[in-house]
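**Student:** Just the structure for this:
(2 chains)
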Amino acid sequence: MANETGIGAAVKRKEDARFITGAGRYTDDIGAHGQTYAVFARSPHARAKLNGLDSGAALATEGVVAVFTGADLQADGIGDLPCGWTVHSKDGEPMVVPAHPPIAVDKVNYVGEPYAVVIGESLEAAKNGAEALEADFEELPAVVDLASAASADQIHENVPNNQTYDWELGDKAATDAAFAEAHHISTLEIVNNRLIPNAIEPRAALGEYDAASGLYTLHTTSQNPHLERLVLAAFVQIAPEARLRVISPDVGGGFGSKIFVYAEETAVIWAAGKLRRPVKWRAERSESFLADAHGRDHVTKAELALAEDGTFLGLRVKTLANMGAYLSTFASSVPTYLYGTLMAGQYKTPAIYVEVQSLFTNTAPVDAYRGAGRPEATYVLERIVETAAREMGIDPAELRRRNFIAPSDFPYETPVALTYDTGDYEASLAKALEHADYAGFGARKAASEAAGKKRGIGFSCYIEACGLAPSQVAISLGAGVGLFEVGEVRVDVTGSVTVVTGSHSHGQSHETTFAQIISDRLGVPFENVTVLHGDTGRSDYALGTYGSRSLAVGGSALIKATDKIIAKGKKIAAHMLEAEEEKVDFADGTFTVADSNQSLTFPEVAFAAYVPANYPLEELEPGLSEKAFYDPPNFTYPAGAHICEVEIDPATGVVDITSFVAVDDFGHVVNPMIVEGQVHGGLAQGIGQALLEHGVYDETGQLVSGSYMDYTMPRADDLPSFTVDTTVTPCTHNPLGVKGCGEAGAIGSTAAVMNAVTNALGVASVPMPATPETVWRAAQA
Amino acid sequence: MEISITVNGRSEALDVPDNALLADVLRERLGLTGTHVGCDTSQCGACVVHMDGAAVKSCTVLAGQANGAEVTTIEGIGDPDNLHPMQAAFRENHALQCGFCTPGMIMSAIDLVQKADGQLDEGDVRDGLEGNLCRCTGYHNIVKAVLAAQDDMKSA
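**Tutor:** Below you'll find the model as predicted:
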């Protein structure tokens, strides 16, 4: 490590000073003079025709400023909310996309879908107005069950069989041939339960229109303000990008759910322009449950073909993915290019064939939630590998080892379209086994049995593709945007540094991590580096934060920019010191000339760039500020081994996680404290899926788990402390050698927990979440 | 209705609607936006403040109920140069990520430690904080921070 606040140091966070003192500034903390308040009228029905809407009483309500309907937005030329990734079906046809107006026009398709927005002088007035709306709904039978959705009533006029696409990946013939030769075939039918993201900060928006300049400003809870602006400008047609500024201030968690462009901020910014007044909206938690994009929700049948010695010969996966009622911003890509492509896992399975049929139902839209497709893939693969190990009587760790891609195999091209650059899967498994004291498991199990308890252990050796993404690969697969990132390093006159990054931080600690890499590279004191983000008015077009991409892609852009700074600094220093440029070196914040005692500090060179007295102006522009766009040549491939041990009380069905070990390979680590924190949080979400969380609709399409009273969030007393460690194989294709750590915990842990629970119970399968009732029933069988 | 409350040591006389919630009065009228609102069923704990020395969920307290009370919010327990031991422990142990649950979590944790009869262990802290949701940290570092802070608070 170059210095104690540089790369590799567990530096305390810059962000904390404001957050621990209550000085954070979230969207709902921001107000505008003369602001009005928006309240959305939301469908009480899962599927209905909207035959009429009488807003007379609402408009007559004291304090109501306006009522806007879907028709009002359409009449003003406001477009649909688009899906940004076009997936093609097996027959080559593009996915079928239903219309998705921000505010419903003549039909509603899920409970919570907005059908009007009421603007009031106060929140209370707007609420009263919304209650006074008289909507004439004609209820229709709802399509709720995913497994039968393809043969149920057609939800959208242009979408037969409620199917947006029927996608495939891999070599079907080769996979069939592998199964024909198999010594053993393991089969698994599993459901990946629907989750509701539940960032603790509810979504919010404040829209403002400045009549003097024609400029719109939207403060909102977005993980990617530039993407929000692009969609609102180019698709929704609010205003050209140059007249629309989107600011994401402090954002209280996202986990994917704040990537997407939603109805609410769309209506708020449009209404601000119509009314010439600021419009404010903040979701109540019940609205978050109803109208944030949900996650997961797959039904899958998987088969694994094995040779007699346990070698994997082939894998066949057939999945139904629930899209909900409409295609959310990136919904189509989640169960395809972020799912099927991961089915090789850490193994040399030579033949893989994946089919995914994505269907509409009358439920909230489903899109990326922490891990996005990769937790679903890991759950399928690691459950079926464990199943095969049990059926064949091979130790589950040993079966994995026999099939691992070896370090000497890299770069490794999988049968499902990815090329892994590096890894050492055996190393992370070995370290995890040691932490978990696998050798002592038998004795612990015996002790549990003596006490009338059931003990189990479960593994999950996951891989993920992160650092989204090589733009041309993504675009060739249907992405509507490039996936590079931009970073700007502005050296100030006196040598402090202002960094502007396109990566938004909503818990990930970029203000600290990015300051560390700048401090390390430029030798500038950590406290003299300020990182700015989250404002389209500050940074160039940027892609934002998701898919564990911020350091691998956003950080790499910053490294490229510092390279330019150093190169220019050398030219300046060479001129000032009257030396040849090739002889100027830069290290630890000092420019030196080889074979001499001449040197200049970084601030001296910066000052000369801005006060160019002794400066080669005829050859070099003044100033020391550089920007870089970084487009990754490949994905990164974090991987690791998670081992969960549980003890179950068969009398109550309560699952106690007695130990959870996560050993992850994220490549080089910039701040180990922050990385551990990211893993902890991911584990909690993965364990939450396995044991607690479940987004449930009843057969009429009403959300049963619509509050914290009904949806079981992991609480402090539900979780253990975790044992977290790392191994390191540096990423081979980015300048920091980093892979990304934001999603790993959520990707790996769910399968480990469920493997442990089924191991303890001695059953093949238990549905998620493994609640006490579910486990108790399984324990009685 | 007219109420007078002392907030972070300052007397405030306010005319508020009968149905005004303490959380909203703190945020909207007094500009104390460190107190957050994360749910509508009194479950998440982001809005926890101290009223007459005890932790309360300010989204479930009518402003009128706070008439005559002393209220302390996250803004009132310390500042960047003079942090409360619990604030310092949260920073030291990386017990926060997005920061949204943090004010309520810190206020609950202070109350938990102050009310503890003897030394809290990990299980006590986990049980004691089950009324505060955090989606980022998995609670691991929050528990560490509270255990560390109790030593600092007792020796302070």
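**Student:** Tell me, how many residues neighbour A:S625?
**Tutor:** 20 (other CB atoms under 10 Å in any protein chain shown). All C-beta spots, glycine's among them, are computed from the backbone N, C-alpha and C.
**Student:** right, and it touches A:V493 too?
**Tutor:** No - the criterion here is CB atoms under 8 Å, and A:S625 misses it with A:V493 at 10.7 Å.
**Student:** Show the pLDDT at the spatially most central residue of chain B.
**Tutor:** When CA atoms, centre = their mean is applied to chain B, the residue found nearest the centroid is B:M107 (2.5 Å). The pLDDT attached to B:M107 in the predicted structure is 98.
**Student:** try the one 10 residues further on
**Tutor:** We have a pLDDT of 81 for B:D117.
**Student:** what domains does the record give for the chain?
**Tutor:** You didn't pick a chain, so chain A it is. Domain segmentation of chain A under automatic domain parsing yields A:16-22+A:484-630, A:31-140+A:201-252+A:258-291, A:295-468+A:634-780.
**Student:** The intended chain is chain B.
**Tutor:** With automatic domain parsing as the criterion, the domains of chain B are listed as B:2-76, B:85-155.
**Student:** Chain B contacts on the stretch 401-550 of chain A?
**Tutor:** Taking CB under 8 Å from any CB of the partner chain as the contact definition, the stretch 401-550 of chain A meets chain B at A:506-509.
**Student:** returning to that earlier point: out of the domains of chain A, nearest to B:Q97?
**Tutor:** Smallest distance to B:Q97 across these (CB to CB): 3.6 Å, for domain A:16-22+A:484-630.
**Student:** Give me the average confidence score over the longest helix belonging to chain B.
**Tutor:** Taking DSSP state H as the criterion, chain B has its longest helix at helix B:140-155. Per-residue pLDDT over helix B:140-155 has a mean of 93.
**Student:** again with stretch A:207-223
**Tutor:** Over the span of stretch A:207-223, the pLDDT mean works out to 97.
**Student:** count of neighbours near A:R276?
**Tutor:** A:R276: 11 surrounding residues under other CB under 10 Å.
**Student:** List phi and psi for it.
**Tutor:** Reported as degrees, to the nearest 10, the phi and psi values for A:R276 are phi 60, psi 30.
**Student:** separation between it and chain B?
**Tutor:** For A:R276, the distance to chain B under the criterion CB to the nearest CB, to the nearest Å works out to 23 Å.
**Student:** need the contact list for that residue.
**Tutor:** If a contact means CB atoms under 8 Å, 6 or more residues apart in numbering or on different chains, then A:R276 has A:209, A:211 as its contacts.
**Student:** Next: A:A781.
**Tutor:** By CB under 8 Å, 6+ apart, A:A781 lies in contact with A:V763.
**Student:** which residue does chain B bring closest to chain A?
**Tutor:** Distance from chain A to each residue of chain B (CB to the nearest CB) is smallest for B:G34, at 1.9 Å.
**Student:** Where does that residue sit: helix, strand or coil?
**Tutor:** Here B:G34 is coil, with the state taken from DSSP: H, G, I helix; E, B strand; the rest coil.
**Student:** tell me the contacts of the spatially closest residue to it that is not a sequence neighbour?
**Tutor:** Nearest residue to B:G34 in three dimensions, chain neighbours excluded: A:G22, at 1.9 Å (CB to CB, 6 or more residues apart in numbering or on different chains). When the contact criterion is CB under 8 Å, 6+ apart, the partners of A:G22 are B:32-35, B:73-75, B:103.
**Student:** show me where chain B has helices.
**Tutor:** Per DSSP H, chain B carries helices over the ranges B:22-24, B:85-92, B:102-115, B:122-128, B:140-155.
**Student:** For the nearest residue to A:T419 once chain neighbours are set aside, give me the backbone phi and psi.
**Tutor:** When the adjacent residues along the chain are set aside, A:T419 lies closest to A:E413, with 4.9 Å between them (CB to CB, 6+ apart). Note on A:E413: its backbone torsions stand at phi -90, psi 120 [degrees, to the nearest 10].
**Student:** gap between A:E413 and chain B?
**Tutor:** In this structure, A:E413 lies at 35 Å from chain B, with CB to the nearest CB as the measure.
**Student:** State the number of residues packed around residue 105.
**Tutor:** You didn't pick a chain, so chain A it is. Each residue near A:V105 was counted by other CB under 10 Å, and the total is 17.
**Student:** try chain B instead
**Tutor:** The local packing count at B:M105 equals 32, with neighbours defined by other CB under 10 Å.
**Student:** isn't it right up against B:G45?
**Tutor:** Yes - using CB under 8 Å as the test, B:M105 is close enough to B:G45 to be in contact (7.0 Å).
**Student:** where does chain B have low pLDDT?
**Tutor:** Of all residues in chain B, those with pLDDT under 70 make up the ranges B:156.
**Student:** how about the strands in the stretch 51-200 of chain A?
**Tutor:** Assigned by DSSP state E, counting those that start in this stretch, the strands in the stretch 51-200 of chain A fall at A:64-69, A:107-108, A:114-120, A:134-139, A:163-170, A:184-195.
**Student:** if we can go back for a sec, look up phi and psi at the residue of chain B closest to chain A.
**Tutor:** Phi and psi for B:G34, reported as degrees, to the nearest 10, are phi -70, psi -30.
**Student:** show me the contacts for it.
**Tutor:** Under the criterion of CB under 8 Å, 6+ apart, the neighbours of B:G34 are A:21-24, B:73-75, B:103.
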